[in-house]
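Enquirer: below are the sequence and a predicted model; questions follow.
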Amino acid sequence: MSSLPTLQALKKRGEKIAMLTCYDASFAFMMESAQVDVLLVGDMLGVVLQGSTGTQNVTMQDMLYHTRCVTAGSKSLLIIADMPYASDASPDLALRNAEQLIAAGAHMIKLEGNKPDIVRHLVANNIAVCGHLGFTPQSITSTGAYPVQGTDEASAQQILDDALALQQAGISLLVLSMMPAAVAGIITMNLNIPTIGIGAGKDCDGQVLVLYDMLGISPGKLTKYSRNFLIGEDCIQNAVVAYVAAVKSGAFPDIEHSF
Ligand code: KIV
């Protein structure tokens, strides 16, 4: 069973959190038995399931459908659903959409960028919120180069300031994406809530990868921060078990997968 208090306890004990994206019931069921801690119904499904070049065309209907699918397969894991592009454009719109994702089975929603007013409104209405800073896919219209963020002092400081503002607004978890490991490490040290890195180095409290990337089946070249965990394993379930073990032991990510 995973829950927000479980993740807080893992951070306190210095034990790593293993998160993966998930889009359907079969994978959710398998990830539960592989002891993944958290499932993210991420809107990168626009790229890996729908073949789009980005995430901006993903709709609330898409997110509700996949959230229901994942919920049907997992009875005990914490499930986070992404708020798709523009679904959080105002506090009231965000609340209506977040409530639908929760009704579909998500325990928490994730939104991109520094939006403390939206977070405050959601939290005041009992919606648990995960933030997402650094590289935010909804801010680009096409994939290709995913630019590393926070590479100079001013932009690194801005991400730290945004993280503190989001924590103050009430987020319970924060995804840090595509930034120098040192920057993510400092942010993690300065927050009480757990951080989950993707391309953000080993010092985050946990890691997340896009499922299709870590199985080596995403279209295009594997991004630097990802690793194909199917290599050396004889089935998908063992690749997921290997991912969980590598995150928990701190073996992943290493220098090769960090900035
Ligand atoms: O949509 C997604 O899969 C995400 C991850 C890249 C963290 O937001």
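Expert: Nice, thanks for sending it over.

Enquirer: helix or strand for Ala154, which one?
Expert: helix 153-169 (DSSP states H and E).

Enquirer: give me the residue from this protein nearest the ligand.
Expert: Per C-beta to the nearest ligand atom, Gly42 is where the chain lies closest to the ligand, at 2.3 Å. C-betas here are computed from N, CA, C, even on glycine.

Enquirer: could you measure the residue nearest to Pro137 when sequence neighbours are not counted against Tyr225, distance?
Expert: Nearest residue to Pro137, sequence neighbours excluded (C-beta to C-beta, 6 or more residues apart in numbering): Thr55, at 4.7 Å. Counting by C-beta to C-beta, to the nearest Å, the separation of Thr55 from Tyr225 is 17 Å.

Enquirer: A strand includes Gln207, no?
Expert: Yes: counting by DSSP: H, G, I helix; E, B strand; the rest coil, Gln207 is found in a strand.

Enquirer: residue numbers of the stretch 101-250 of the chain in contact with the ligand?
Expert: Within the stretch 101-250 of the chain, the positions near the ligand by C-beta under 6 Å from any ligand atom are 175, 198, 208, 210.

Enquirer: hmm, 8 Å instead?
Expert: Applying C-beta under 8 Å from any ligand atom, we find that the stretch 101-250 of the chain lies next to the ligand at 110, 112, 132, 137, 175, 177, 196, 198, 208, 210.

Enquirer: want to try JSON lines for those, with secondary structure, neighbour count and pLDDT as columns?
Expert: Below are these laid out as JSON lines (DSSP: H, G, I helix; E, B strand; the rest coil; neighbours: other C-beta atoms under 10 Å; pLDDT from 0 to 100):
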{"residue": "Lys110", "secondary structure": "strand", "neighbour count": "23", "pLDDT": "98"}
{"residue": "Glu112", "secondary structure": "strand", "neighbour count": "23", "pLDDT": "98"}
{"residue": "His132", "secondary structure": "strand", "neighbour count": "25", "pLDDT": "98"}
{"residue": "Pro137", "secondary structure": "helix", "neighbour count": "22", "pLDDT": "92"}
{"residue": "Val175", "secondary structure": "strand", "neighbour count": "26", "pLDDT": "98"}
{"residue": "Ser177", "secondary structure": "strand", "neighbour count": "22", "pLDDT": "97"}
{"residue": "Ile196", "secondary structure": "strand", "neighbour count": "29", "pLDDT": "98"}
{"residue": "Ile198", "secondary structure": "strand", "neighbour count": "29", "pLDDT": "98"}
{"residue": "Val208", "secondary structure": "strand", "neighbour count": "26", "pLDDT": "98"}
{"residue": "Val210", "secondary structure": "coil", "neighbour count": "19", "pLDDT": "97"}
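
Enquirer: just the closest of these to Met19, please.
Expert: Nearest to Met19 among those, counting by C-beta to C-beta, is Val208 at 3.9 Å.

Enquirer: quick one: the closest residue to the closest one other than its chain neighbours and Asp92, what's the gap?
Expert: Excluding its sequence neighbours, the residue lying closest to Val208 (C-beta to C-beta, 6+ apart) is Met19, at 3.9 Å. From Met19 across to Asp92, the span is 29 Å (C-beta to C-beta).

Enquirer: the two: which has the busier surroundings?
Expert: Remark: of Met19 and Asp92, Met19 carries more neighbours, 29 against 10, as counted by other C-beta atoms under 10 Å.
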